[in-house]
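Colleague: next one to model:
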Amino acid sequence: MESYVDFARFYDSLMEDARYPERAAYLLSLCARFDHPVGVCLDLACGTGALTRELKQRGVDVFGVDGSAEMLTAAASASPDILYICQDMRELTLAKPVDTCFCTLDSLNHLTELADVEKTLSRVGSYMNAGGLLIFDVNTPYKHREVLANNAFTIENDTVFCAWQNVTEDGLLTEILLDFFEEQPDGSYQRCSECFFERAYTREELRNALRQADFELLAVYGDLTTLPPARDEQRAVYVAKKKG
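Modeller: Below you'll find the model as predicted:
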């Protein structure tokens with residue numbers, strides 16, 4: 001699992017469709033739907049902290065964990081009043097238990113081995129109070145096979161031009177190659193690149209991983225909805241409760 005380095009500088013400007021205010025409200029509505037007080041909340045794989053800040057603004061006692069020092073530097077700069085911890089999610093170590101954990105925007109897909117997903121969920125479970133709620137989303141197998149596949153995309157804004165290429169090996173594992181072109185004061189362009197992998201997991205694989213980590217799967221929804229995922233759903237949301 002690679003850490004974002006150059007990508008950290010452009011991440012927020014390229015993630016305008018993440019809909020952070022709506023996503024924060026949605027996550028809290030899921031907690032309410034299952035009569036769960038949010039309590040102490042971990043934003044796992046928080047990146048630049050955009051969602052963490054939205055949760056904080058809504059009164060949530062939240063802190064963030066991410067494996068990229070560069071992403072957390074941006075997060076801490078934007079919100080110095082929030083605690084951010086640099087850790088690989090597979091080695092999560094906390095000073096105190098949490099009541100809620102959110103892990104959003106396909107962060108678990110960056111773990112390309114099922115054993116690492118299982119390990120991460122186990123680590124989260126070991127620091128979660130009984131009855132705690134874990135809510136995460138993942139890119140679906142449909143998205144990897146039909147949308148990412150071997151396709152290429154471009155994204156352009158006032159900050160950067162991004163050329164995005166995908167190489168899908170088996171319909172589930174996708175290599176993502178990003179080239180960033182940033183205009184310089186003299187009119188020339190500076191190029192930098194990132195490369196990482198994402199893997200899609202089936203519902204049964206994730207259900208079993210949750211079970212092994214002592215979680216009960218309560219629901220699976222389509223992104224930002226409380227409806228079952230559609231056949232062509234690109235992102236699925238999982239809600240699980242810590243047993244005990």
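
Colleague: quick one: contacts for A209?
Modeller: A209 is in contact with L114, V117, E118, L121, Y201, counting by Cβ atoms under 8 Å, 6 or more residues apart in numbering. (Glycine included, C-beta is placed from N, CA and C.)

Colleague: what about the fourth one, neighbour count?
Modeller: Just to be clear, that refers to L121. By the criterion of other Cβ atoms under 10 Å, L121 has 27 neighbours.

Colleague: try the first one
Modeller: Applying other Cβ under 10 Å, we find 15 other residues in the vicinity of L114.

Colleague: could you list which residues are in contact with it?
Modeller: Y201, E205, A209.

Colleague: which of the residues you listed fall in strands?
Modeller: Among the contacts of L114, none falls in strands (DSSP state E).

Colleague: can I get those residues in CSV with pLDDT and distance to L105?
Modeller: Listed next are the contacts of L114 as CSV, based on pLDDT from 0 to 100; distance: Cβ to Cβ, whole Å:
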residue, pLDDT, distance to L105
Y201, 98, 15
E205, 98, 20
A209, 98, 19
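
Colleague: now flag whichever of those is closest to D43.
Modeller: Each of those was checked against D43 using Cβ to Cβ; the closest is A209, at 20.3 Å.

Colleague: can you pull the contacts of the residue nearest to that closest one when sequence neighbours are not counted?
Modeller: Using Cβ to Cβ, 6 or more residues apart in numbering and skipping the chain neighbours, the partner closest in space to A209 is E118 (4.6 Å). Shown in contact with E118 (Cβ under 8 Å, 6+ apart): A209, Q212, A213.

Colleague: D179 now?
Modeller: Per Cβ under 8 Å, 6+ apart, neighbours of D179: C162, A163, R191, C192, S193.

Colleague: Provide the secondary structure category for it.
Modeller: Here D179 is recorded as strand under DSSP: H, G, I helix; E, B strand; the rest coil.

Colleague: what's the distance between it and T154?
Modeller: 10 Å (Cβ to Cβ, to the nearest Å).

Colleague: list residues touching both of these two?
Modeller: C162, A163.

Colleague: now do the strands in this structure.
Modeller: 40-44, 61-66, 84-86, 98-103, 128-139, 152-156, 161-168, 173-183, 189-199, 215-222, 235-242.

Colleague: domain assignment for the chain?
Modeller: 7-139+200-242, 143-198 (automatic domain parsing).

Colleague: among the ones you listed, which is the most enclosed?
Modeller: Stretch with highest mean neighbour count among the domains of the chain: domain 7-139+200-242 (a mean of 19; mean count of other Cβ atoms under 10 Å).

Colleague: for it, measure first residue to last.
Modeller: Chord length of domain 7-139+200-242, first to last residue, is 34 Å (Cα to Cα, to the nearest Å).

Colleague: just stretch 229-244 next, same as before
Modeller: End-to-end for stretch 229-244, by Cα to Cα: 29 Å.

Colleague: can you list contacts of it?
Modeller: Contacts for stretch 229-244 (Cβ under 8 Å, 6+ apart): 30, 34, 106, 125, 128-140, 142-143, 146-147, 203, 206, 210, 214-224.
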